[in-house]
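Provided below are the primary sequence and the corresponding predicted coordinates.
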Amino acid sequence: MTWEDEAIVLSVRAFAEKGALACLFTQTHGRVLGWLKASSKTKGRKEFEPGTCVAAKWSARLEEQLGMWRLEAQENAYLAMLLASPMRLDALQSALSLVETFMPERETHPGLYGALRTLCRALGGREGAWEDAYFAFECTLLEAAGFRLDLTTCAAGGPAHDLYYVSPKTGRAVGRVAGEPWDASLLRLPSFVKEARPACSRGLLEALGLTQYFMERYILPHGHSDTLPVARLRFYEQLARAR
């Protein structure tokens, strides 16, 4: 059987003498592994770096088999820019590792694919645009894993302009007045979300502390890993040092 899709390369690892095992996140087929034959043009180098957007063709005799990839790069010009920005490179590696770690193989998540593609483009764009895209990506990742944050309305029925807390149980925002009696037990809404302004490194650090809480509480207990990916932990540490 054979199918074609657009995809983002998550990882490429050496596999056998003349190829590699490539993990891709596809738009309509989810996360898929496949064997990628080495090209004579690469001379041992990776032809498709993680983060590369590709046109992918997967083929195998049976659907449950490890298939073979044929890939054609569509969009990877922004990768060269990331080499000059360690923070953005860490953001990309973090996002790719989260998808590879938490998304079940061959489970379709077009919304998450779109969020990751948007993030890739934002990382190569103007200064400041990528922080919002990264936070949106992690929120979409949580939703794809079965937990949805609602940071736009007050869970207690208060006004939207007064949002200040987040419930650690439901992931819903709570107003300052309504939540004040439970101040010690509620999480804090990231300041840039409260003020409806673009995120910065400090604001993103606050936001990722929030998403990390829900990942550790609602995703890790049901997955095959008991810790967040190393790349995600490293990215958070980089943001903390940049404060």
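Good, I have the coordinates.

only C-alpha atoms for contact and neighbour calcs from this point on.
Will do.

next secondary structure after the regular element (helix or strand) spanning residue 122?
Secondary structure assignment for residue 122, by DSSP states H and E: helix 110-123. Next along the chain after helix 110-123, taking DSSP H and E as the criterion, comes helix 129-144.

okay, now the sheet partners of the helix or strand just after that next one, with direction.
Per DSSP H and E, the first helix or strand lying C-terminal to helix 129-144 is strand 163-166. Note on strand 163-166: by DSSP bridges, its sheet partners are strand 173-175 (antiparallel), strand 187-188 (antiparallel).

deepest of those strands, which one?
Ranked by mean neighbour count under mean count of other Cα atoms under 10 Å, the strands paired with strand 163-166 are led by strand 173-175, which reaches a mean of 27.

what's that one in contact with?
Under the criterion Cα atoms under 8 Å, 6 or more residues apart in numbering, residues 150-156, 158-160, 162-167, 189 lie in contact with strand 173-175.

which among these end up buried?
150-151, 153-155, 158, 160, 162-167, 189 (16 or more other Cα atoms under 10 Å).

turn the residues you listed into TSV, including pLDDT and distance to residue 213.
Compiled in TSV, the buried ones among the contacts of strand 173-175 are given as follows (pLDDT from 0 to 100; distance: Cα to Cα, whole Å):
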residue	pLDDT	distance to residue 213
150	95	15
151	94	15
153	92	20
154	94	20
155	93	19
158	88	24
160	86	23
162	91	23
163	94	19
164	95	17
165	96	14
166	97	11
167	97	11
189	95	12
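
between those, which sits nearest residue 220?
Nearest to residue 220 among the buried ones among the contacts of strand 173-175: residue 167, at 19.0 Å, using Cα to Cα.

quick one: the closest one from residue 146, how far?
17 Å (Cα to Cα, to the nearest Å).

from one end of stretch 213-228 to the other, what's the distance?
11 Å.

domains in the chain, by residue range?
Segmentation of the chain into domains, based on automatic domain parsing, reads 1-75, 77-151+189-243.

the residue nearest the centre of the chain sits in which helix or strand?
Centroid-nearest residue in the chain, with Cα atoms, centre = their mean: residue 95, separated by 3.3 Å. In this assignment (DSSP H and E), residue 95 forms part of helix 86-102.

count of residues packed around residue 17?
8 (other Cα atoms under 10 Å).

on the three-state scheme, it is what?
coil (DSSP: H, G, I helix; E, B strand; the rest coil).

for it, give its distance to residue 25.
In terms of Cα to Cα, residue 17 sits 24 Å off from residue 25.

helix or strand with the lowest mean pLDDT in the protein?
Lowest mean confidence among the helices and strands of the chain (mean pLDDT, DSSP states H and E): helix 77-82, at a mean of 70.

pull the longest strand from this protein.
Determined from DSSP state E, the single longest strand within the chain is strand 2-14.

so for the next helix-or-strand element following that strand, mean pLDDT?
Per DSSP H and E, the first helix or strand lying C-terminal to strand 2-14 is strand 19-26. In this model, strand 19-26 carries a mean pLDDT of 94.
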